[in-house]
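> Okay, here's the prediction I keep looking at, along with the sequence it came from:
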Amino acid sequence: MLSISINQPLPSVPRLVTTLPGTRAKAIVERDRAVTSPSYTRDYPLVVARGQGCMVEDVDGNVFLDMTAGIAVTATGHAHPEVVKAIQEQSACLLHMSGTDFYYESMVELAEKLAFRAPFPEGAKVFFTNSGAESNEGAIKLARYYTKRSLIVAFLGAFHGRTYGAMSLTGSKTVQRANFGALVPGVTHIPYGTHASLDYLETQLFNTMLPPQEVAAIFVEPIQGEGGYIVPEDGFLQRIRDICDRYGILMVVDEVQSGMGRTGRLFAVEHWGVMPDIITTAKGIASGLPLGAILARPELMTWPPGSHATTFGGNPVACAAGLATLRLLESGLITNATQMGELLQAGLTQLHQKFPQMSLPRGKGLMVAVDLIDAVGNYDSKLRDRIIQEAFLRGLLLLGCGKAAIRFCPPLIIDSHQIQTALDILSDILKSVESSVLSAEC
């Protein structure tokens with residue numbers, strides 16, 4: 001195992017000291033291939049030794065600017081001192097006691113704070129989970145239990161997880177469903193984000209094959225995550241709320257990726273002033289520790305003891321990290337997400353004007369994406385993948401999403417200098433790509 005100095009501060013910009021991947025990284029990648037599942041998706045051979053703020057250091061001493069936050073998870077940055085302190089103090093007292101069967105204060109306190117901040121008029125009831133997929137699994141059960149209905153509407157492009165219920169809601173990529181047999185029945189998918197889609201739901205599906213009085217819930221992401229960081233049309237979420245009200249359907253909002261301050265609000269749905277019935281969340285809720293939650297209007301969470309439970313959900317150490325995370329979010333990081341997101345979108349807009357193969361940016365706060373397109377306007381996933389690889393080789397960590405999008409979901413502590421550093425690296429890559437295309441044409 002590599003010995004590193006955790007007290008040595010990392011630079012705030014990339015620093016590459018070896019070719020990539022380095023010798024130690026290559027060795028660990030080879031060891032990984034021999035023993036881990038091939039189902040993991042690794043975009044590039046990054047082998048992380050430690051993280052600090054928006055920076056991560058690999059096992060060879062190379063330092064990278066992280067615009068992924070571990071897939072929008074490390075909201076307060078890597079190893080934030082206040083989060084680390086909370087974890088250390090809690091782990092010295094109690095590691096686990098299962099909130100399913102016993103009580104401990106950190107779980108109650110975090111539930112109180114989330115209930116207070118939930119966009120429901122009478123607060124919320126909270127069920128803690130280990131992940132976003134588990135949150136969505138539980139929400140399916142709760143919706144069906146409360147309504148005594150079985151049908152569910154979800155959206156094409158949606159990602160709600162890979163366990164069977166969550167996978168049945170997911171409509172993102174065929175590889176996530178292929179060869180896994182029959183899924184949970186009763187789920188119908190429609191296109192995301194447009195009023196035309198909701199017209200189709202009401203005028204076609206509800207009148208032919210989807211009786212609305214048998215629909216338990218509509219599951220929707222306020223901004224689609226894996227589907228491409230897609231922002232819906234104005235009025236889309238409000239109209240879902242109206243449909244749900246008219247037919248007695250529950251509106252379940254998946255805030256797994258968009259929640260916990262990422263868009264400049266604690267929950268992204270707050271941008272549209274819509275009150276859902278159930279919210280599912282995870283990812284950024286505990287700055288990297290496994291924790292998720294189902295937040296429901298109190299009158300909905302009526303299931304009896306034993307009808308739904310979990311061994312590790314709401315673990316005391318994860319709850320302590322969640323409390324520290326929430327304090328940091330509300331003491332300035334949510335505001336910073338708004339400010340830095342505006343700066344990022346302004347810079348990406350300028351790059352689009354110079355390099356038209358990159359689309360205008362979209363998103364809210366620090367949930368931002370751009371598409372890569374070819375000369376005739378088609379999505380260009382090969383160019384997107386090439387840019388992500390080139391960014392890694394220059395010390396910038398990016399991830400893709402959607403058909404040909406690059407997503408930007410950095411820790412919410414990112415500053416203007418780091419935003420500019422990322423934009424400069426991306427600009428250099430686009431210049432390089434442009435030059436290579438011109439050379440090939442000549």
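Cool, the structure landed.
> At which residues are the helices of the stretch 251-400 of the chain located?
If you assign secondary structure with DSSP state H, counting those that start in this stretch, the helices in the stretch 251-400 of the chain sit at 316-328, 334-354, 381-393.
> mean confidence score for stretch 408-417?
Averaging pLDDT along stretch 408-417 yields 98.
> residues making contact with that stretch?
12-13, 53-54, 66-69, 71-72, 74-78, 80, 257, 261-262, 284, 329, 333-334, 336-337, 340, 343-344, 348, 363, 366-369, 398-399, 418, 422 (Cβ atoms under 8 Å, 6 or more residues apart in numbering). Where C-beta positions appear, they are placed from N, C-alpha and C, glycine not excepted.
> how about 6 Å then?
Around stretch 408-417, the neighbours that count as contacts under Cβ atoms under 6 Å, 6 or more residues apart in numbering are 53-54, 67, 69, 72, 74-75, 77, 261, 333, 336-337, 340, 343, 366-368.
> Got a quick PyMOL command for the buried subset of these?
Of those, the buried ones go into a single PyMOL selection, burial set by 16 or more other Cβ atoms under 10 Å:
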select buried, resi 53+54+67+69+72+74+75+77+261+333+336+337+340+343+366+367+368
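> Out of the contacts of stretch 408-417, list just those in strands.
Within those, residues falling in strands by DSSP state E are 367-368.
> returning to what we had before: looking at the helices of the stretch 251-400 of the chain, which is buried most?
The highest mean neighbour count among those belongs to helix 316-328 (a mean of 24), with neighbours defined as mean count of other Cβ atoms under 10 Å.
> From the chain's centroid, how far away is that helix?
The gap between the average C-alpha position of helix 316-328 and the chain average comes to 18 Å, counting by Cα atoms, centre = their mean, to the nearest Å.
> Next, the angle from it to helix 334-354.
Between the direction of helix 316-328 and that of helix 334-354, the angle (axes from the mean of the first three to the mean of the last three Cα atoms, to 10 degrees) works out to 70 degrees.
> Dump the helices of the stretch 251-400 of the chain into JSON lines; add distance to Tyr200 as well.
Conversion of these to JSON lines gives the following (distance: least, Cβ to Cβ, whole Å):
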{"stretch": "helix 316-328", "distance to Tyr200": "39"}
{"stretch": "helix 334-354", "distance to Tyr200": "31"}
{"stretch": "helix 381-393", "distance to Tyr200": "27"}
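> quick one, which of those is nearest to Val269?
If you check each of the helices of the stretch 251-400 of the chain against Val269 by Cβ to Cβ, helix 334-354 wins as the nearest, at 14.5 Å.
> measure Met358 to Ala422 for me?
Applying Cβ to Cβ, to the nearest Å, one obtains 14 Å for the distance of Met358 from Ala422.
> of these two, who's got more company?
Between Met358 and Ala422, Ala422 has the larger neighbour count (other Cβ atoms under 10 Å), namely 27 against 23.
> secondary structure element for that one?
Under the assignment given by DSSP states H and E, the secondary-structure element containing Ala422 is helix 416-441.
> now that helix against helix 334-354, angle please.
20 degrees.
> Can you point out the buried residues in helix 416-441?
Residues of helix 416-441 classed as buried by neighbour count (16+ other Cβ under 10 Å): 418-419, 421-423, 425-426, 429-430, 433.
> what's the distance between it and the middle of its chain?
Here the centre of helix 416-441 is set off from its chain's centre by 26 Å, with Cα atoms, centre = their mean.
> now it and helix 381-393, what's the angle there?
In terms of direction (the same axes, to 10 degrees), helix 416-441 departs from helix 381-393 by 130 degrees.
> now stretch 290-308: how far from the chain's centre is it?
Relative to its parent chain, stretch 290-308 has a centroid offset of 21 Å by Cα atoms, centre = their mean.
> Quick one: the buried residues of helix 416-441 as CSV, columns for distance to Val126 too.
What follows is the buried residues of helix 416-441, written out as CSV (distance: Cβ to Cβ, whole Å):
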residue, distance to Val126
Gln418, 34
Ile419, 34
Thr421, 39
Ala422, 36
Leu423, 39
Ile425, 41
Leu426, 39
Ile429, 43
Leu430, 45
Val433, 47
